[in-house]
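Q: sharing a sequence plus its predicted fold:
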Amino acid sequence: MRAVLMDRYGGPEVLRVGQVARPTPGVGEVLIRVAAVGVNPADPKWRMGMFQGFAPLGFPHVPGYDVAGVVEQAPPGCAVAAGARVAAMLDAVRQGGYAEFAVADAENVALVPEGLDFAAAAAVPTPGLTGVQMIEEHLNARAGQTVLVTGAVGAVGRFAVHAARARGALVVAA
């Protein structure tokens, strides 16, 4: 299958279009025919090798970990079935989103609502999860608490604002 891949760490010049084997889903994984991929601020950091001290990549490597597309194959008992429109966050180190097909843990796949296009859906997983985790897990925002969200109009900030309001917090957005 076609994919954007890299054979070494470096600048944008290390990215190339090439052929790689189509991924095979393991136990509890979903195979997705990728229609759109999200590009995250961490993508160039991975490409430049900023995480290689604790999470080295094997080469060739297909970057990208936010995708949207159609389920090609799903495990028995999975909440999504073949043919479903989904968005997913792929494994942060294995990645593989910049390709025609990608594999995601079935627990990290969500249905894409009708009317939401794949490009918009692919832009949601990482910033959405980051914003919600910041409020729910790290801050533990609750009713009556005042929460300041800096960068509230950015991707992560928007999700943080909604997550805090859903918990009943008073949100001050900057």
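A: Nice, I can see it. Residues are numbered from 1 along each chain as shown.
Q: which helix runs longest in this protein?
A: helix 155-166 (DSSP state H).
Q: so which strand or helix has F59?
A: F59 belongs to no helix or strand when assigned by DSSP states H and E.
Q: could you pull up phi and psi at E29?
A: Main-chain torsions, E29, degrees, to the nearest 10: phi -110, psi 150.
Q: the strands in this structure, which residues?
A: For the chain, the strands defined by DSSP state E cover 2-6, 15-19, 29-38, 66-73, 85-89, 101-105, 109-111, 146-149, 170-173.
Q: can I get those strands in TSV including distance to A55, mean pLDDT and mean neighbour count?
A: All C-beta atoms are positioned from the backbone trio N, CA, C, and that covers glycine. Shown next, in TSV, are those (distance: least, CB to CB, whole Å; pLDDT from 0 to 100; neighbours: other CB atoms under 10 Å):
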stretch	distance to A55	mean pLDDT	mean neighbour count
strand 2-6	15	97	19
strand 15-19	19	98	12
strand 29-38	19	97	22
strand 66-73	17	97	22
strand 85-89	16	96	24
strand 101-105	17	96	24
strand 109-111	23	94	19
strand 146-149	29	94	17
strand 170-173	33	94	15
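Q: can you lay out those as a markdown table showing distance to Q133?
A: Shown next, in a markdown table, are the strands of the chain (distance: least, CB to CB, whole Å):
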| stretch | distance to Q133 |
| --- | --- |
| strand 2-6 | 28 |
| strand 15-19 | 29 |
| strand 29-38 | 17 |
| strand 66-73 | 15 |
| strand 85-89 | 12 |
| strand 101-105 | 16 |
| strand 109-111 | 15 |
| strand 146-149 | 14 |
| strand 170-173 | 17 |
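Q: for those, which one sits closest to A79?
A: strand 109-111 (7.6 Å; CB to CB).
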